[in-house]
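Asks: Make a model of this:
(one chain, ligands or ions: 2)
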Amino acid sequence: MARRMMSRLGQWSSYVFAVDFDMNSDPIYFALASKHSERPQVFRNVLADEICYSLHVQSDDKIERAKFYGGLKNKLSKELPPECTILEMSTFQPNVKDSVIKGYFLKDASKSSATERVLGELLRNDPVYVCSYLCEGEDRQWSQHLWSNTEDGWGEVLEKYCVVPAEKPEHHPSTLNIINYDVFYSFEDAYKVLQQCVDIIPESKAVLELVDQRLKSKEKTDFPVIVIEGLDATGKTTLTESLTEALGATLLKSPPQCLSPWRARFDTEPPLIRRAFYALGNYLTAGQIGQEARQTPVIVDRYWHSTAAYAIATAVGGKLGNLPQAGSEVYGWPGDLLRPSLVLMLSLSSQERMRRLQVRGQDKTMEEEELEANHLFRQKVEEAYQRIEGPACVTVDASPSPDQVLQQVLLLIREKCHL
Ligand SMILES: Nc1ncnc2c1ncn2[C@@H]1O[C@H](COP(=O)(O)OP(=O)(O)O)[C@@H](O)[C@H]1O
Ligand SMILES: Nc1ccn([C@@H]2O[C@H](COP(=O)(O)OP(=O)(O)O)[C@@H](O)[C@H]2O)c(=O)n1
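Replies: Residues are numbered from 1 along each chain as shown. Ligands and ions are numbered 1, 2, ... in the order given. The predicted structure is shown next:
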């Protein structure tokens with residue numbers, strides 16, 4: 001095991017580390033070197049004399065890595081002393097796609113041995129790299145020690161590096177592993193993930209069986225296909241129902257009804273697996289759309305835009321500006337997924353959306369902090385919605401009365417789809 005870690009470590013000196021100390025600011029970027037740099041100390045404003053650690057999952061298996069990383073946060077939160085802060089961390093090669101190894105950075109102010117005990121146990125039993133960080137010497141510079149894992153837990157220090165500041169990369173690290181981790185751009189890529197899960201998530205088998213029986217859709221439909229998108233409580237259900245009636249259309253949704261027995265199960269899975277499930281849902285819905293659009297117009301409540309926008313917004317940490325730029329390949333439409341004729345996104349101010357959620361009896365107990373984090377998340381979802389192409393969505397003001405929204409949308413449909 002130690003040898004394998006060493007071989008990866010050889011590359012590690014070309015990696016940059018990013019720690020998210022504050023979600024509203026840039027991460028702190030640092031690299032490893034054999035000598036300290038002249039530049040100011042890396043953790044100057046965020047760390048005092050705490051002992052710090054970092055943990056990275058070491059596995060070449062994508063599913064194992066995703067499962068273990070998801071569970072690790074819960075385990076750490078439960079077992080570490082409360083004075084130990086758990087921060088998200090990425091190790092990556094700047095601007096190199098698929099190079100991110102996700103991990104956690106621990107800022108330990110507990111002055112107890114409990115943290116070392118928990119980490120020693122992880123080292124002994126689990127596929128992790130553990131590093132400790134110490135602030136030493138007269139010039140108070142930080143260094144990183146990489147520990148080997150032995151049967152006793154903490155083994156020996158394999159490598160010792162000086163921690164030096166690194167440049168902010170052009171692309172935020174959380175954007176580097178979106179493709180085929182958070183968003184899937186072909187049926188096959190999503191299908192493969194669920195196939196690999198069959199042993200650990202038995203429900204995957206039933207989902208794959210349904211997907212195997214899906215209807216294949218033609219590229220072109222006889223009748224228009226109109227997708228309604230938007231955040232929760234923007235009025236999608238209300239509008240899709242009235243539109244369906246007004247146009248004599250068929251109403252479908254993604255994920256389709258036939259996946260509902262498994263949705264809650266896959267919602268508890270890490271993004272890789274959860275997103276693959278929703279991606280497959282779109283292909284099932286596409287089959288139904290192809291069938292129905294032979295006879296009537298089709299209205300679809302959420303489709304690809306929801307899958308991609310939520311996945312991207314969740315994957316991309318921190319500020320709105322961290323999203324991949326407009327025109328990036330992550331906003332492209334999967335080549336093998338039926339394209340609708342028109343996509344409309346319902347947009348509402350956050351005050352009106354909160355009011356509607358409250359009328360519906362939800363979100364009443366949300367803490368201020370959570371609201372703030374959610375505000376940032378919603379902004380990212382809406383921005384991602386607007387950047388997705390092929391077809392791009394048309395934004396509709398959803399604040400007027402239900403009937404006014406319907407009339408406005410009917411006008412748009414007549415104009416764009418000649419209905
Ligand atoms: N145009 C509108 N004006 C005022 N309230 C609305 C409007 N559209 C929907 N609502 C109400 O807002 C809530 C959320 O609407 P809903 O259609 O369930 O949204 P979604 O399907 O997007 O979650 C419901 O209580 C609904 O009655
Ligand atoms: N086509 C879809 C639909 C939903 N989703 C996911 O499902 C969540 C939204 O579902 P929801 O149940 O809140 O939707 P509504 O109740 O607002 O219609 C989002 O977090 C998306 O991640 C998806 O990925 N793809």
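
Asks: Point out where this protein drops to low pLDDT.
Replies: Low-confidence regions of the chain, defined here as pLDDT under 70, cover residues 1-11, 362-373.

Asks: Spell out which parts of it neighbour ligand 1.
Replies: When proximity is defined as C-beta under 6 Å from any ligand atom, the chain approaches ligand 1 at 230, 232-238, 356, 359-360, 398, 401-402, 405. Where C-beta positions appear, they are placed from N, C-alpha and C, glycine not excepted.

Asks: Most neighbours of all those residues, which one?
Replies: The member of the residues of the chain next to ligand 1 that has the most neighbours, counting by other C-beta atoms under 10 Å, is residue 398 with 28 neighbours.

Asks: In this structure it contacts residue 235, no?
Replies: Yes - distance between residue 398 and residue 235: 5.0 Å, which falls inside the contact criterion (C-beta atoms under 8 Å).

Asks: Now for the two: what residues contact both?
Replies: Applying C-beta atoms under 8 Å, 6 or more residues apart in numbering, one finds that residue 398 and residue 235 are jointly contacted by 346, 348, 405.

Asks: Among those, name the ones in helices.
Replies: residue 405 (DSSP state H).

Asks: Of the shared contacts of residue 398 and residue 235, which is the nearest to residue 388?
Replies: Using C-beta to C-beta, residue 346 comes nearest to residue 388 of the shared contacts of residue 398 and residue 235, at 15.2 Å.

Asks: What is the burial count for the closest one?
Replies: As a burial measure, the neighbour count of residue 346 was computed by other C-beta under 10 Å and equals 23.

Asks: Equivalent analysis for residue 206, please.
Replies: 12.

Asks: wait, doesn't it sit right on residue 262?
Replies: Yes - the pair residue 206 / residue 262 is scored as a contact, 6.7 Å apart, by C-beta under 8 Å.

Asks: for whichever residue of the stretch 301-419 of the chain sits closest to ligand 1, phi and psi?
Replies: Nearest residue of the stretch 301-419 of the chain to ligand 1, counting by C-beta to the nearest ligand atom: residue 356, 3.5 Å away. The phi and psi values for residue 356, taken as degrees, to the nearest 10, are phi -70, psi -40.

Asks: in terms of contact, does it touch residue 235 like I think?
Replies: Yes - with contact defined as C-beta under 8 Å, residue 356 counts as touching residue 235 (7.5 Å).

Asks: Name the residues of the stretch 101-250 of the chain found near ligand 2, please.
Replies: Near ligand 2, when you scan the stretch 101-250 of the chain using C-beta under 6 Å from any ligand atom, you find 232, 236.

Asks: ok, is the strand or helix carrying residue 355 in contact with ligand 2 or not?
Replies: For residue 355, the enclosing helix or strand under DSSP states H and E is helix 350-359. No - Helix 350-359 stays out of contact with ligand 2 when judged by C-beta under 6 Å from any ligand atom, the minimum separation being 10.3 Å.

Asks: The residue in the stretch 1-150 of the chain positioned nearest to ligand 2: which element?
Replies: Among all residues of the stretch 1-150 of the chain, residue 70 sits closest to ligand 2, at 15.6 Å; criterion: C-beta to the nearest ligand atom. Element membership for residue 70, per DSSP H and E: helix 62-79.

Asks: Give me the helices and strands touching that helix, please.
Replies: Of the remaining helices and strands, those touching helix 62-79 by 3 or more C-beta pairs under 8 Å, 6 or more residues apart in numbering; DSSP states H and E are strand 51-57, strand 84-92, strand 101-108, helix 187-197, helix 271-292.

Asks: Residues touching the fourth one, excluding its own?
Replies: Contacts made with helix 187-197 from outside it, assessed by C-beta under 8 Å, 6+ apart, are listed as 62-63, 180, 184, 204, 207-208, 211, 272-273, 275-277, 279-280, 283, 334, 336-337.

Asks: Could you do the shortest one as well?
Replies: Contacting residues not belonging to strand 51-57 are listed as 17, 65, 68-69, 72, 76, 89, 91, 101-108, 115, 119, 122, 127-134, 144 [C-beta under 8 Å, 6+ apart].

Asks: mind listing what's buried in the helix or strand where residue 395 lies?
Replies: Assigned by DSSP H and E, residue 395 belongs to strand 393-397. Taking 16 or more other C-beta atoms under 10 Å as the basis for neighbour counts, the residues of strand 393-397 that come out buried are 393, 396.

Asks: next one: that strand to chain centre, how far?
Replies: With C-alpha atoms, centre = their mean, to the nearest Å as the basis, strand 393-397 stands 24 Å off its chain's centre.

Asks: Then stretch 143-160?
Replies: Offset of stretch 143-160 from its chain centre (C-alpha atoms, centre = their mean): 31 Å.

Asks: buried set for that stretch?
Replies: By neighbour count on 16+ other C-beta under 10 Å, the buried set for stretch 143-160 is 143, 144, 145, 146, 147, 148, 149, 153, 154, 155, 158, 159.

Asks: In the protein, which residue is most central in space?
Replies: Centrality entry for the chain: nearest residue to the mean C-alpha point is residue 315, 2.7 Å, by C-alpha atoms, centre = their mean.

Asks: ok, it touching residue 180?
Replies: No - in terms of C-beta under 8 Å, residue 315 does not count as a neighbour of residue 180; the distance is 11.8 Å.

Asks: Can I get stretch 132-150 in PDB? Just the C-alpha atoms.
Replies: Extracted as PDB, the C-alpha positions of stretch 132-150 are listed here (Å, rounded to 0.1, in the frame of the first residue of the first chain):
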ATOM      1  CA  SER A 132      -0.900  16.700   8.800                       C
ATOM      2  CA  TYR A 133       0.100  20.300   8.700                       C
ATOM      3  CA  LEU A 134       2.300  22.000  11.200                       C
ATOM      4  CA  CYS A 135       3.300  25.600  11.600                       C
ATOM      5  CA  GLU A 136       7.000  25.500  12.700                       C
ATOM      6  CA  GLY A 137      10.200  27.500  13.000                       C
ATOM      7  CA  GLU A 138      11.000  31.100  13.700                       C
ATOM      8  CA  ASP A 139       9.300  32.300  10.500                       C
ATOM      9  CA  ARG A 140       6.200  30.300  11.300                       C
ATOM     10  CA  GLN A 141       5.900  28.600   7.900                       C
ATOM     11  CA  TRP A 142       3.600  25.600   7.300                       C
ATOM     12  CA  SER A 143       4.700  22.200   6.200                       C
ATOM     13  CA  GLN A 144       2.800  19.100   5.200                       C
ATOM     14  CA  HIS A 145       3.500  15.600   6.300                       C
ATOM     15  CA  LEU A 146       2.100  12.600   4.400                       C
ATOM     16  CA  TRP A 147       1.500   9.600   6.600                       C
ATOM     17  CA  SER A 148       1.700   6.000   5.500                       C
ATOM     18  CA  ASN A 149      -1.100   3.600   6.500                       C
ATOM     19  CA  THR A 150       0.000   0.600   8.500                       C
END
